[in-house]
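# can't give you the sequence, but here's the structure:
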């Protein structure tokens, strides 16, 4: 494969301007991450310390193998919900290395409302378990949760992808033969009691751990019986009387050490057969991405410059380089694994959609995972394009992409608008992982077009009521709509709603993709008997 030749002048005024802009974005992103991870009310920290409890990230640090990476998911989940009072949606989840094995960790954050489950907490837990199912990842549950946040129970309990889906997914993992270990560090009440009891191994900490369908107050109200939490469902009760738990330990550190010991008995995974070679660092510095991404989502950049700073040796074999030039397709290696890459260089036309469709079929036949680098305004519109079959060609791309057997990984590098988001493997299309850069935007169309459309609708409605507005009032309506639209298309709103698996530093994209690819290769691909059509 040839090394890509970068056309970026890192000393140019444009590069320096873009870099300055992006470094400001990174400063905001890093501060938001820090707050979500560490800023907690002092009273909650004192409460946990008085109970001899570790904080959630201290627990995870003791669980993971020293010096190994932890791919945290949706750190900024719920950052724009619940008035910002439920950082990380109240639960920390991610993939790390425990006793030499890739493990999905899901840990309650009891410094937030005692670990209570909010609607977005449940959504994040369900997504975490979905990832474990898709990638055959063993799970460690660190349980310390007060149960559902009752004022919002109607958004937590009844529907298909609400609370019951957590336990359903645990049952599916068990049937698949994927191991699960629970360490109960606090109370696990009501439906939450099923999290540890559906695991293969359950450990409880004496004095603080408790598992019961109804806690002491509910038991008192329902039956009149007075009983302490420890007598009702403490560690010794469940490990020696009911058999609900398998082990009782005297401290959190002892429990975490036992989890590591149990995980060490799990068989090592065999990776799916994908072509491999010796890994090689990119020729170009990944931090140069800060000066490559423009300061306005409407400005275009060459996605090859991104590819050159992600893949091994910055080497890339481009497929059909002179056809459908608004999309870039080709082969590269990432940490030694062969991958296909599809990246946007503009709007999707019929020829670019056809090119993508043919390329995806090649990757699927040859068992090559695909990385989608999104920067897409959508498919081209207009009479001549409709007559040329743009909708038909887009449908072909969607059909093949949705039915790929190989793993798909998606990075939103900039804009992600309309049906282009779908074609480029947006959230609805089952990417194994989907991450966003802090500058990215996602919406049904760009802000300017949407704001103009919505403003016209608002003005016509007012005119029908006989109201006449000044030019200043009209402009104010446009600005208010534009500001609201921009906020709700931002990366922070997207990740708050868990429409992605987290915002990442562009300079870490290679590492994040490498970990995600390794995880996705824990499952074998289906055999695909179909040949490749020249679309």
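It's in. Treat the numbers as computed from the prediction; the structure is a model and nothing was measured. Numbering: from 1, shown residues only.
# where does residue 35 land in three-state SS?
helix (DSSP: H, G, I helix; E, B strand; the rest coil).
# wait, it sits on residue 76?
No: using CB atoms under 8 Å, residue 35 is not in contact with residue 76; the gap is 9.3 Å. The way it works is simple: take the backbone N, C-alpha and C, and place the C-beta from them, glycine included.
# between the two, which one's more packed in?
Remark: of residue 35 and residue 76, residue 76 carries more neighbours, 25 against 14, as counted by other CB atoms under 10 Å.
# Looking at that one now. What's its pLDDT?
Predicted confidence (pLDDT) at residue 76: the value is 98.
# Please, which helix or strand holds it?
Under the criterion DSSP states H and E, no helix or strand holds residue 76.
# contacting residues around it?
By CB atoms under 8 Å, 6 or more residues apart in numbering, residue 76 lies in contact with 32, 33, 36, 88, 492, 495, 496, 502, 503.
# got CSV for the residues you listed, with pLDDT and neighbour count too?
Shown next, in CSV, are these (pLDDT from 0 to 100; neighbours: other CB atoms under 10 Å):
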residue, pLDDT, neighbour count
32, 98, 18
33, 98, 19
36, 98, 20
88, 98, 26
492, 98, 18
495, 98, 25
496, 98, 21
502, 98, 22
503, 98, 23
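# Assign the nearest residue to residue 320 once chain neighbours are set aside to helix, strand or coil.
The spatial neighbour of residue 320 that comes closest, neighbours along the chain excluded (CB to CB, 6 or more residues apart in numbering), is residue 355 at 5.1 Å. State at residue 355, reduced to three classes by three-state DSSP: helix.
# Narrow the contacts of residue 76 to those in helices?
32, 33, 36, 492, 495, 496 (DSSP state H).
# May I see these organised as JSON lines, with distance to residue 25 added?
JSON lines is the format used below for the ones in helices among the contacts of residue 76 (distance: CB to CB, whole Å):
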{"residue": "32", "distance to residue 25": "11"}
{"residue": "33", "distance to residue 25": "13"}
{"residue": "36", "distance to residue 25": "16"}
{"residue": "492", "distance to residue 25": "11"}
{"residue": "495", "distance to residue 25": "14"}
{"residue": "496", "distance to residue 25": "17"}
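# quick check, nearest of these to residue 436?
residue 495 (6.5 Å; CB to CB).
# Distance check, the closest one against residue 413.
15 Å (CB to CB, to the nearest Å).
# Likewise for residue 320?
21 Å.
# Of these two, which one has the most company?
Remark: of residue 320 and residue 413, residue 413 carries more neighbours, 26 against 18, as counted by other CB under 10 Å.
# Then that one would be within a helix, right?
No: under three-state DSSP, residue 413 sits outside any helix and is assigned strand.
# Just give the nearest non-adjacent residue to it, would you?
Excluding the flanking residues, the one nearest residue 413 by CB to CB, 6+ apart is residue 375, at 5.1 Å.
# how about the one you found, what does it touch?
So residue 375 contacts 301, 303, 343, 344, 345, 413, 414, 415, 416 (CB under 8 Å, 6+ apart).
# out of those residues, which is most surrounded?
Result: residue 416 is most packed of the contacts of residue 375 (other CB under 10 Å), 31 neighbours.
# Just grab the bridge partners of it for me.
Taking DSSP bridges as the rule, residue 416 bridges to residue 376, residue 442.
# Toward the C-terminus from the stretch of helix or strand residue 94 belongs to, list the very next helix or strand.
Using DSSP H and E, residue 94 sits in strand 91-98. Moving toward the C-terminus from strand 91-98, the next helix or strand (DSSP H and E) is strand 101-108.
# For the helix or strand just after that next one, give the mean pLDDT please.
Downstream of strand 101-108, the next assigned helix or strand under DSSP H and E is helix 119-135. Throughout helix 119-135, pLDDT has a mean value of 98.
# Next, the angle from helix 119-135 to strand 101-108.
170 degrees (axes from the mean of the first three to the mean of the last three CA atoms, to 10 degrees).
# Could you figure out how far helix 119-135 is turned away from strand 91-98?
Orientation check (the same axes, to 10 degrees): helix 119-135 against strand 91-98 gives 30 degrees.
# Let the chain start at 373 from now.
With 373 as the first residue, the last one maps to helix 491-507.
# outside of the helix or strand following helix 491-507, which residues touch it?
For helix 491-507, the following helix or strand on the C-terminal side (DSSP H and E) is strand 511-517. Strand 511-517 is touched from outside by 425, 428, 431-432, 435, 470, 475-480, 482, 486-489, 501, 504, 545, 550-561, 564, 567-568, 571, 631, 635, with contacts defined as CB under 8 Å, 6+ apart.
# Alright, I will stop here.
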